[in-house]
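In: Kindly return the folded structure for what I paste below:
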Amino acid sequence: MSFDTPGYVLFLCTAALLYRLCPRQLRRALLLISSIFFYACWSLPLTLVIASVVLLTYVCAHGIQRAKSGAGRKLGLAAAVSGCVGLLIWFKYFNFLADALASLAGGSWTPWIILLPVGCSFYTFQAMSYVIDVYRGRLPAVRHLGRYALYICFFPQLVAGPIERADALLPQLTDAPDPTGEDTVRGLKLLLSGFFRKLVIADLSAPIVNRVFAMASPDGSAVFLGLLLFSFQIYCDFAGYSDIARGSALLMGIRLRRNFDRPYLARTVRAFWRRWHMSLTAWFTDYVYISLGGSRKGKGRQIAATLTVFLLSGLWHGANWTFVAWGLYHGLLCVLEILLGRKEKETDGWQLSDWINWVVTGALVLFSWLLFRAESLGQAGSLLSCLFSRWDVQTGLAQAALGWTEAACLTLALAQLSLLNRLSRRGKVPDIAYVFLTVCVLAAWFVRAAGHGAGVFIYFQF
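Out: Numbering: from 1, shown residues only. Predicted structure coming up:
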């Protein structure tokens with residue numbers, strides 16, 4: 001049941017209505033049943049995978065809390081983390097690692113057919129953060145298994161985050177709050193914003209991007225156009241999902257954390273990562289970067305921790321050398337900024353240096369999407385060669401098949417999104433703007449129903 005379908009809207013409305021009609025003491029059970037049903041719609045057999053994660057981490061957390069020795073606590077933590085990581089390795093990285101080992105041995109590997117459970121990377125990280133926090137004494141182990149299962153399985157953020165922390169989400173699920181009128185209005189606005197980002201901007205960009213990256217030798221201008229549109233596509237695709245998740249939860253009075261904060265306005269690469277997929281960045285910062293010493297034990301340790309974080313972040317996104325290269329690329333850029341002492345200054349107005357830093361950062365991030373989107377390092381190298389060779393804008397537009405209608409729709413949609421973001425920060429978004437978003441979303445659903453294609457959320461594959 002994908003978030004960008006009318007079927008999900010019907011499911012969400014039903015769940016939200018039943019939640020409001022239910023007595024408070026039954027709301028958690030309703031949310032858990034709704035979440036299990038939501039996940040089972042993807043794959044009923046794979047609900048056993050998430051159930052195993054819930055049971056393993058629940059038992060290990062209680063074992064850590066009851067352990068009378070440091071060795072016992074460490075054993076419980078190791079069991080939970082190794083179980084979650086082992087699950088990821090089997091479902092997500094087994095073929096990748098087997099192929100790498102076979103290549104080192106001079107042989108080849110025939111990939112096994114292993115179905116990746118949707119949302120596996122997200123709910124395993126959320127479960128690990130809970131166990132680590134129990135181990136560190138930040139919170140007590142949850143006594144009620146059903147309450148803990150709801151924390152892991154809560155359907156708005158189950159499939160692609162944001163990766164929530166137990167100390168923020170568990171109290172809300174325990175209290176089962178009454179949604180206010182403000183929650184409902186804010187939730188509906190977030191839903192409309194998310195649907196607009198995904199159905200209009202991301203899905204309009206996707207066919208053009210796919211055409212460019214499917215070419216053997218595109219014109220340099222076509223590669224640049226494909227990269228530019230992919231930067232819009234991936235942002236609106238994932239930020240759109242996050243808005244839908246937050247809006248869905250707000251209809252039940254539950255607040256999820258923001259996952260994006262205008263990342264393309266960042267003036268350094270490190271600032272970009274503080275604004276992009278913020279819940280994942282915070283997870284790696286708290287549980288990997290700081291654990292490795294962070295910035296507290298000298299420049300050498302900070303650099304090693306930074307590179308480790310970005311290497312793991314690249315691998316988290318997928319079992320492909322392109323993601324490894326993408327992660328290391330960002331890691332090296334961040335290390336360079338650390339060595340140069342570059343920091344983003346918080347200022348009300350932008351000076352010339354701010355604009356220069358913004359352009360440089362934007363160009364570096366734009367280039368990184370080539371590694372992220374390419375199917376292989378070979379394709380990335382080939383497209384990079386095309387990007388810096390011949391340029392003929394007319395040929396590039398023809399290769400990308402970007403027509404006037406698509407260009408006008410994308411321009412209008414991006415202008416509307418920019419205006420909406422600007423006004424929302426001032427708290428002065430007129431209702432007519434959301435009427436426009438509603439019309440656009442309904443039109444996009446109509447186009448889909450007519451058989452003109454549908455886009456899958458990019459981060460569902462992670």
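
In: Now whichever strand or helix holds Arg27: buried residues?
Out: For Arg27, the host element (DSSP states H and E) is helix 24-40. For helix 24-40, the buried set under the neighbour-count rule, 16 or more other C-beta atoms under 10 Å, comprises 27-28, 30-32, 34-36, 38-39. Where C-beta positions appear, they are placed from N, C-alpha and C, glycine not excepted.

In: From the chain's centroid, how far away is it?
Out: 24 Å (C-alpha atoms, centre = their mean, to the nearest Å).

In: now for it, which elements pack on it?
Out: Judged by 3 or more C-beta pairs under 8 Å, 6 or more residues apart in numbering; DSSP states H and E, helix 24-40 is in contact with helix 6-21, helix 47-66, helix 145-153, helix 166-175.

In: for this protein, longest helix please?
Out: Ranked by residue count and defined by DSSP state H, the top helix of the chain is helix 220-250.

In: circling back: closest to Asn259 out of the helices and strands packed on helix 24-40?
Out: Asn259 lies closest to helix 166-175 among the helices and strands packed on helix 24-40, at 13.3 Å (C-beta to C-beta).

In: where does Leu384 land in three-state SS?
Out: helix (DSSP: H, G, I helix; E, B strand; the rest coil).

In: got it, and Arg267?
Out: Quick answer, by three-state DSSP: Arg267 is coil.

In: Could you tell me the backbone phi and psi angles at it?
Out: Backbone torsions of Arg267, given as degrees, to the nearest 10, read phi -110, psi 0.

In: helix or strand for the residue nearest to it when sequence neighbours are not counted, which one?
Out: Leaving aside its chain neighbours, Arg267 sits nearest to Asn357 (4.0 Å; criterion: C-beta to C-beta, 6 or more residues apart in numbering). If you go by DSSP H and E, Asn357 is part of helix 352-373.

In: Can you check what angle separates the helix holding Arg27 from helix 6-21?
Out: Our comparison of helix 24-40 with helix 6-21, counting by axes from the mean of the first three to the mean of the last three C-alpha atoms, to 10 degrees, yields an angle of 170 degrees.

In: just to revisit the earlier point, where does the residue nearest to Arg267 land on pLDDT?
Out: Note on Asn357: pLDDT of 88.

In: Against Ser382, how distant is it?
Out: 31 Å (C-beta to C-beta, to the nearest Å).

In: What number of residues are in the vicinity of Ala374?
Out: Using other C-beta atoms under 10 Å, Ala374 has 21 neighbouring residues.

In: What are the neighbouring residues in contact with it?
Out: 213, 322, 380, 383 (C-beta atoms under 8 Å, 6 or more residues apart in numbering).

In: what do you get for Leu307?
Out: Neighbours of Leu307 in contact, by C-beta under 8 Å, 6+ apart: 328, 331-332, 335.

In: Quick one: residues in contact with stretch 60-72.
Out: Against stretch 60-72 from outside (C-beta under 8 Å, 6+ apart): 73, 75-77, 79-80, 83, 130-131, 134-135, 140-142.

In: Buried ones only from the residues you listed, please, as a PyMOL command.
Out: Entered in PyMOL, the line below selects the buried ones among those, by 16+ other C-beta under 10 Å:
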select buried, resi 73+76+77+79+80+83+130+131+134+135+141+142
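
In: quick check, nearest of the contacts of stretch 60-72 to Tyr264?
Out: Tyr130 (32.2 Å).

In: lowest confidence element among the helices and strands of this structure?
Out: helix 404-426 (a mean of 65; mean pLDDT, DSSP states H and E).

In: Turn the buried residues of helix 24-40 into a markdown table, including distance to Ser217.
Out: Formatted as a markdown table, the buried residues of helix 24-40 follow (distance: C-beta to C-beta, whole Å):
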| residue | distance to Ser217 |
| --- | --- |
| Arg27 | 58 |
| Arg28 | 57 |
| Leu30 | 56 |
| Leu31 | 52 |
| Leu32 | 53 |
| Ser34 | 50 |
| Ser35 | 47 |
| Ile36 | 49 |
| Phe38 | 44 |
| Tyr39 | 43 |
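
In: For the helix holding Asn357, list every residue counted as buried.
Out: 357-358, 361-362, 364-365, 368-373.

In: helices or strands up against that helix?
Out: Using 3+ C-beta pairs under 8 Å, 6+ apart, helix 352-373 sits against helix 220-250, helix 269-275, helix 321-340, helix 377-387.

In: Single out the most deeply packed of the ones you listed.
Out: helix 220-250 (a mean of 24; mean count of other C-beta atoms under 10 Å).

In: before we move on, the earlier item: now for the contacts of stretch 60-72, which pair is the farthest apart?
Out: Gly83 and Pro140 (21.0 Å).

In: Please report how far the spatially most distant residue from the centre of the chain lies from Ala271.
Out: For the chain, the largest distance from the centre (C-alpha atoms, centre = their mean) belongs to Lys68, which lies 38.5 Å off. Remark: distance between Lys68 and Ala271 (C-beta to C-beta) = 45 Å.

In: Repeat that for Leu12.
Out: From Leu12 to Ala271 the distance is 34 Å (C-beta to C-beta).

In: same deal with Ile163?
Out: 20 Å.

In: Gly220 now?
Out: 29 Å.

In: try Pro117
Out: Following C-beta to C-beta, the distance that separates Pro117 from Ala271 is 33 Å.

In: ditto for Pro179
Out: In terms of C-beta to C-beta, Pro179 sits 34 Å off from Ala271.

In: Please apply the same query to Lys189.
Out: 27 Å.

In: Including distance to Phe125 and pLDDT, could the buried residues of helix 24-40 go into TSV?
Out: Listed next are those as TSV, based on distance: C-beta to C-beta, whole Å; pLDDT from 0 to 100:
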residue	distance to Phe125	pLDDT
Arg27	26	90
Arg28	23	91
Leu30	26	93
Leu31	21	93
Leu32	20	93
Ser34	22	92
Ser35	17	92
Ile36	20	92
Phe38	19	90
Tyr39	17	89
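
In: and those, which two are the farthest apart?
Out: Longest span within the buried residues of helix 24-40, C-beta to C-beta: Arg27 and Tyr39, 18.7 Å.

In: Just list the residues touching the nearest residue to Gly146 once chain neighbours are set aside, thanks.
Out: Closest residue in space to Gly146, ignoring its immediate chain neighbours: Leu32 at 5.9 Å, by C-beta to C-beta, 6+ apart. For Leu32, the contacting residues are 146, 149-150, 153, by C-beta under 8 Å, 6+ apart.
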